[in-house]
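*Asks:* Everything below, folded, please.
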Amino acid sequence: MHMSGLKKLLLVFLAFILMAVPLIPLVKVAAVGTNLVSNPSVETAGSPTTSPQDWLTDQWGTNTASFQYVTNDAMTGQKSVKTTMNTRSSGDAKWYFKPVTVTPGQSYTYSTYYKSTVATEIVAEITSTTGALSYKSIKSPAKSASWVQTSGTLTMPTNAKTATIFHVINKVGWLQTDDVFFGLTSTAPPVAVAPTVSITKPTTNAIVAGTQTITATAASSGASVAGV
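*Replies:* Model (predicted):
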């Protein structure tokens, strides 16, 4: 192959890659069943409008924390919630959705998108039929500079009546969350999976010359691919 032909092929291949990448989306996570959280993406403001409807804040221990209802920084839509831990010697702080009714003995899945400057904790608070509170640890997500999904499951005790999930920050730093799902495990949203792409022409290790037509295929296990 002449050097000029090789350069032309490389330029065509590079152009293909640059055009294809933006058109191959990540699989969008969408609940296939009932999400018990009434305002999961916190897009609906409450009263006062400085907090989302059906969401609450809480903190305990020796620390100073602030809570923000963030606009124009979200996984989807425009809004998300953020907790900033300024100082801490004990305890934690968190946003959480209003407790919902659950069925004893059933498995539930929780998922959310988040970003944070420190590792965090996800804990379920369960209220029994007698009003007693119990707590179950679900997961310890690592810090993430960009939006990422985390999820976990738990089985409700035999006397469970209501439950909510605390995604807590217990270190100096901040945690931001959006797009929460909490519901029966059988109706949980699929985990986001990136599509796969492969070049079908030219074939692997083919020797080519001149102008070549490049073709490729894309596939996804969770959603259709818009195009390449």
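*Asks:* ok, F67 - how many residues close by?
*Replies:* Burial of F67, expressed as a neighbour count using other C-beta atoms under 10 Å, amounts to 18. No exception for glycine: its C-beta is placed from N, CA and C like everyone else's.
*Asks:* lowest-confidence helix or strand of the protein?
*Replies:* One helix or strand of the chain scores below all others by mean pLDDT, DSSP states H and E: helix 3-20, with a mean of 50.
*Asks:* Check which element follows it along the chain.
*Replies:* Tracing the chain past helix 3-20, the next element assigned as helix or strand by DSSP states H and E is strand 55-60.
*Asks:* ok, residues contacting that following strand?
*Replies:* Under the criterion C-beta atoms under 8 Å, 6 or more residues apart in numbering, residues 39, 42, 46, 51, 65, 67, 81, 83, 91-98, 166 lie in contact with strand 55-60.
*Asks:* Could you identify the buried members of the residues you listed?
*Replies:* Among the contacts of strand 55-60, those classed as buried by neighbour count (16 or more other C-beta atoms under 10 Å) are 39, 42, 51, 65, 67, 81, 83, 92-97, 166.
*Asks:* can you redo those as TSV with secondary structure?
*Replies:* Putting the buried ones among the contacts of strand 55-60 into TSV (DSSP: H, G, I helix; E, B strand; the rest coil) gives the following:
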residue	secondary structure
N39	coil
V42	coil
S51	coil
A65	strand
F67	strand
V81	strand
T83	strand
D92	strand
A93	strand
K94	strand
W95	strand
Y96	strand
F97	strand
F166	strand
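*Asks:* And the residues you listed, which is closest to S128?
*Replies:* Closest approach between the buried ones among the contacts of strand 55-60 and S128, by C-beta to C-beta: F166, at 17.1 Å.
*Asks:* Assess the claim that the closest one and E125 are in contact.
*Replies:* Yes. Using C-beta atoms under 8 Å, F166 is in contact with E125, at 6.0 Å.
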